[in-house]
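Colleague: Output the structure for:
(chains A and B)
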2 protein chains.
Amino acid sequence: MKVEFLHTMVRVKDLDKSLEFYKMLGLIERKRSDHEGGRFSLVYLCPPEQTDGRADLELTYNWDGDDELPTDGRHFGHLAYRVENIYEMCQQLMDAGVTINRPPRDGHMAFIRSPDNISIELLQMDKPLPAQEPWASMENTGHW
Amino acid sequence: MKVEFLHTMVRVKDLDKSLEFYKMLGLIERKRSDHEGGRFSLVYLCPPEQTDGRADLELTYNWDGDDELPTDGRHFGHLAYRVENIYEMCQQLMDAGVTINRPPRDGHMAFIRSPDNISIELLQMDKPLPAQEPWASMENTGHW
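Modeller: Numbers count the residues shown, from 1 in each chain, chains lettered A, B, ... in the order given. Sure, this is the predicted structure:
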């Protein structure tokens, strides 16, 4: 039987904060629906070159909050995005106040957290970049 | 900056049980690495027609267990797969002992849980199927 991957859904507490965050990663808003009846919104984000609805991140936002959400979703592993220049991406994120939990010391891999503490892996496209300061000697912060 | 979606990672407590489960959904094992040093395995699963490493489910299995894992990962929303025939898929899953938490009463959507209680959405390809028993009158079980 044919099967296709569509999206990963994560629940968010603050939709504006989350959109701002995911857009910093280069994702675009592909589709959005606001449900008056159920009082929730669904926003589908994707990389600009993967707009076929088979690489989406679906954000579920409950208008009246969602107190059941744990503050740290370790059970869910992470989302992974490959980026063109991991140093530039991490610099942009840091400039915007995002903690680089696992800096790209090796020019290859970094981890950050979304506003809801969803773990996000960043990977360098093609070969790792040459080691470079300030990354090469930057310590880990927290866990991811 | 170019960005590509790669995978969603989830942690699993029993790798064999998980592989058996995800293979029932039609996923295939694309890549696997066993890390003696860190005592963990990574298994990358994907739909047979999405083998480019941009629609993977990465299973992380710690050989010595992972007691920190919550039993119910509500913070993480769900994975979604579109399938060719949602009734046949749900029947196969039921026959294998999987609870259909949200049966496909509408011929369009169902929810199940992985062995680690990761919520998984199944969607019918193309148009919804005509309503059909036993699904049409099947009640929900638990939450998802």
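Colleague: hey, let's count contacts and neighbours off CA atoms from now on
Modeller: OK.
Colleague: roughly how far apart are the nearest residue to A:Leu45 once chain neighbours are set aside and A:Glu4?
Modeller: Using CA to CA, 6 or more residues apart in numbering or on different chains and skipping the chain neighbours, the partner closest in space to A:Leu45 is A:Glu29 (4.6 Å). The gap separating A:Glu29 from A:Glu4 is 21 Å, by CA to CA, to the nearest Å.
Colleague: and if you look at A:Ala110?
Modeller: For A:Ala110 relative to A:Glu4 (CA to CA), the value is 28 Å.
Colleague: which residues in chain A form strands?
Modeller: Assigned by DSSP state E, the strands in chain A fall at A:3-12, A:28-35, A:40-46, A:56-62, A:76-83, A:109-113, A:119-124.
Colleague: More neighbours: which of A:Glu29 and A:Glu4?
Modeller: More crowded of A:Glu29 and A:Glu4, by other CA atoms under 10 Å in any protein chain shown: A:Glu4, with 22 against 18.
Colleague: wait, doesn't that one sit right on B:Leu45?
Modeller: No. Between A:Glu4 and B:Leu45 there is no contact under CA atoms under 8 Å: 11.9 Å.
Colleague: if I pick A:Val98, what's in contact with it?
Modeller: A:112-113 (CA atoms under 8 Å, 6 or more residues apart in numbering or on different chains).
Colleague: For it, give me the pLDDT.
Modeller: We have a pLDDT of 89 for A:Val98.
Colleague: what do you get for A:Ile120?
Modeller: At A:Ile120, the pLDDT recorded in the model is 85.
Colleague: chain center to the helix or strand of chain A with the lowest mean pLDDT, what's the gap?
Modeller: One helix or strand of chain A scores below all others by mean pLDDT, DSSP states H and E: strand A:76-83, with a mean of 80. Relative to its parent chain, strand A:76-83 has a centroid offset of 7 Å by CA atoms, centre = their mean, to the nearest Å.
Colleague: Listing partners with orientation, what would you give for that strand?
Modeller: strand A:119-124 (parallel), strand B:3-12 (antiparallel) (DSSP bridges).
Colleague: Mean pLDDT lowest where, among the strands of chain A?
Modeller: strand A:76-83 (a mean of 80).
Colleague: Can you give me the buried ones in it?
Modeller: For strand A:76-83, burial by neighbour count (16 or more other CA atoms under 10 Å in any protein chain shown) applies to A:76-83.
Colleague: same check, this time on stretch A:90-106
Modeller: A:90, A:93, A:98-106.
Colleague: start to end distance for it?
Modeller: For stretch A:90-106, the end-to-end distance is 13 Å (CA to CA).
Colleague: if I pick the residue nearest to A:Leu15 when sequence neighbours are not counted, what's in contact with it?
Modeller: Take A:Leu15 and drop its neighbours on the chain: the residue closest to it by CA to CA, 6+ apart is A:Tyr61, 6.2 Å away. Counting by CA under 8 Å, 6+ apart, A:Tyr61 makes contact with A:11-15, A:40-42.
Colleague: could you redo the last one with a cut-off of 10 Å?
Modeller: A:Tyr61 is in contact with A:10-16, A:18, A:34, A:39-43, counting by CA atoms under 10 Å, 6 or more residues apart in numbering or on different chains.
Colleague: That one and chain B, how far apart?
Modeller: A:Tyr61 sits 11 Å away from chain B, going by CA to the nearest CA, to the nearest Å.
Colleague: now swap in A:Pro128 and tell me
Modeller: Separation of A:Pro128 from chain B (CA to the nearest CA) stands at 15 Å.
Colleague: picking that back up, hmm, which two among the buried residues of stretch A:90-106 are most spread apart?
Modeller: Using CA to CA, those reach their maximum pairwise distance at A:Val98 and A:Asp106, which is 19.5 Å.
Colleague: Which segments of chain A make up each domain?
Modeller: As assigned by automatic domain parsing, chain A contains the domains A:7-62, A:78-124.
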